[in-house]
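Peer 1: What follows is a predicted structure for the sequence shown.
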Amino acid sequence: MSNCSTIHLTLPQWDGGSRKIRYVYLVNLTSFSLTQSSNKSPVVPLYLGADVFSNTDIRTENHPRYHAKFAKKGFATKVHFSSAFRFNGLKVHTSNNSLWFYSIQGLFRVAFEMYSKEEQLAVLENFQDVWKSQINDSPLKMSYSLNIQLGLPQPQCCHGGRESVDVHCSDTGDTSADHDYCSFPKQRLQAEQNQQVISTLRQKLHSLDKKLSSETHSDTDQLETILMLLGNIDRYVNGKLEEKDVTETVLALLKAQDWGCAYSSSLLCGIGRWLGQQFHAANISISQRVEGFKVQHIERISDLPPAEELATELFPVAMQTLLLHWMGLSDESTVERRHSEYPILLLILEFANHNLITGVAHVLYSSLICK
């Protein structure tokens with residue numbers, strides 16, 4: 001009997017009425033299966049991205065952009081299959097033979113962002129046990145290269161001229177599919193990923209060592225920054241990194257060079273986003289502090305302390321620091337102007353935190369909302 005070179009695969013499918021989702025099982029870094037292991041060894045189910053996004057408002061030509069976005073968060077991955085595999089019912093470019101897949105966490109994320117309530121309920125009812133069983137899964141890698149299919153039935157050869165059927169053939173006669181690779185645990189998969197990262201880290205450190213050894217450096221500031229970064233990396237690895245170390249690291253990198261125009265700086269956008277999220281998360285504690293203040297001063301609400309005292313007592317120092325520097329009021333030479341403009345800073349804090357204290361804030365807020 002002659003060997004054949006193409007393996008035709010039909011992916012298993014969950015049928016949820018109007019939505020059907022095909023899937024595979026990731027067994028390890030190079031292997032996959034179309035069935036769960038009979039000995040219940042842990043595998044990672046992956047759901048076909050094309051099916052996950054079908055019947056949504058996202059146009060087909062925009063699917064790759066969304067897949068890439070979810071991949072950055074560890075919810076999706078691009079799987080490159082061996083050229084020997086062909087997928088029934090799927091049009092796949094033979095040049096790369098790759099498909100996008102989602103983890104169960106990714107499936108839920110897409111469902112609750114893009115599906116109708118009825119479809120969300122169907123996903124929840126049908127996949128909640130899978131989600132529970134995979135709750136401790138690590139985020140997916142950006143891509144996998146899978147060359148081995150495990151759990152194959154007895155091989156059959158493909159004969160030219162026949163209708164395409166689901167058969168599993170090997171071009172080399174390799175019997176590796178008979179081995180019990182399904183016993184490969186998720187912990188081993190994680191260990192392999194860690195080893196890859198460690199190997200890359202060691203290569204980069206070796207490259208840095210060679211660069212520092214072979215060149216004469218005249219930029220003392222750069223060398224001191226590198227030394228500081230390596231010191232903080234060492235503290236991070238040993239679990240001894242403190243807030244002051246992070247502050248030192250971030251400020252050193254921010255000052256390392258000119259990062260461009262304020263109107264187009266992705267760095268400033270990223271920092272602004274992070275600061276905004278931190279300040280927003282503090283809103284509950286700020287509201288509690290403001291309410292306590294109002295209760296204590298209910299009898300003299302028209303005779304409040306100066307704006308600077310109010311701001312210091314009720315709002316985080318970091319918020320005031322940001323605004324003082326933003327408004328050019330941080331230098332000692334601006335003490336008088338700072339004193340006169342602090343009521344403006346206090347108003348900004350009141351509005352931004354949705355906690356009105358002063359009479360001016362209440363009047364302005366009502367006026368703005370009415371308009």
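Peer 2: Okay, I see it.
Peer 1: Check whether Phe32 sits in a helix, strand or coil.
Peer 2: Each residue gets one of three states, and Phe32 gets strand by DSSP: H, G, I helix; E, B strand; the rest coil.
Peer 1: Mind pulling the model confidence for it?
Peer 2: At Phe32, the predicted lDDT confidence score is 91.
Peer 1: before we move on, what about Leu267?
Peer 2: Reading off the model, Leu267 has pLDDT 90.
Peer 1: So it versus Ile233, what's the distance?
Peer 2: 21 Å (C-beta to C-beta, to the nearest Å). Bear in mind the C-beta positions are built from the backbone N, C-alpha and C, glycine included.
Peer 1: Neighbour count for the two, which is higher?
Peer 2: Ile233 (15 against 11; other C-beta atoms under 10 Å).
Peer 1: Give me the contacts around whichever strand or helix holds that one.
Peer 2: In this structure, Ile233 is located in helix 220-237 according to DSSP states H and E. Here helix 220-237 makes contact (C-beta atoms under 8 Å, 6 or more residues apart in numbering) with 217, 241-242, 245-246, 248-249, 252-253, 256.
Peer 1: rerun that using 10 Å as the cut-off
Peer 2: 201, 205, 208, 212, 217, 219, 240-242, 245-246, 248-249, 252-253, 255-256 (C-beta atoms under 10 Å, 6 or more residues apart in numbering).
Peer 1: and those, which are buried?
Peer 2: Using 16 or more other C-beta atoms under 10 Å as the burial test, those include 245, 249, 252 as buried.
Peer 1: can I assume the first one sits in a helix?
Peer 2: Right, Asp245. Yes: Asp245: assigned to a helix according to three-state DSSP.
Peer 1: show me where the stretch 51-200 of the chain has strands.
Peer 2: The residue ranges that make up the strands of the stretch 51-200 of the chain, judged by DSSP state E, counting those that start in this stretch, are 76-81, 85-87, 98-102, 143-146, 148-150.
Peer 1: which of those is buried the deepest?
Peer 2: Greatest average neighbour count among the strands of the stretch 51-200 of the chain goes to strand 98-102 (a mean of 24), per mean count of other C-beta atoms under 10 Å.
Peer 1: For burial, what's the neighbour tally of Ser18?
Peer 2: Burial of Ser18, expressed as a neighbour count using other C-beta under 10 Å, amounts to 11.
Peer 1: surely it meets Ala122?
Peer 2: Yes: in this structure, Ser18 is within contact of Ala122 by C-beta atoms under 10 Å, at 8.8 Å.
Peer 1: what sits in contact with each of these two?
Peer 2: Common neighbours of Ser18 and Ala122 are listed as Ser116 (criterion: C-beta under 10 Å, 6+ apart).
Peer 1: Go through the strands of the stretch 51-200 of the chain and name the closest to Leu275.
Peer 2: Nearest of those to Leu275, taken as C-beta to C-beta: strand 76-81 at 28.6 Å.
Peer 1: Buried ones in the helix holding Ile233, by neighbour count?
Peer 2: Along helix 220-237, the positions that meet the burial threshold by neighbour count (16+ other C-beta under 10 Å) are 225, 232.
Peer 1: Any stretches of the protein with poor pLDDT?
Peer 2: 1-5, 37-41, 94, 151-190, 192, 217-218, 301, 370-371 (pLDDT under 70).
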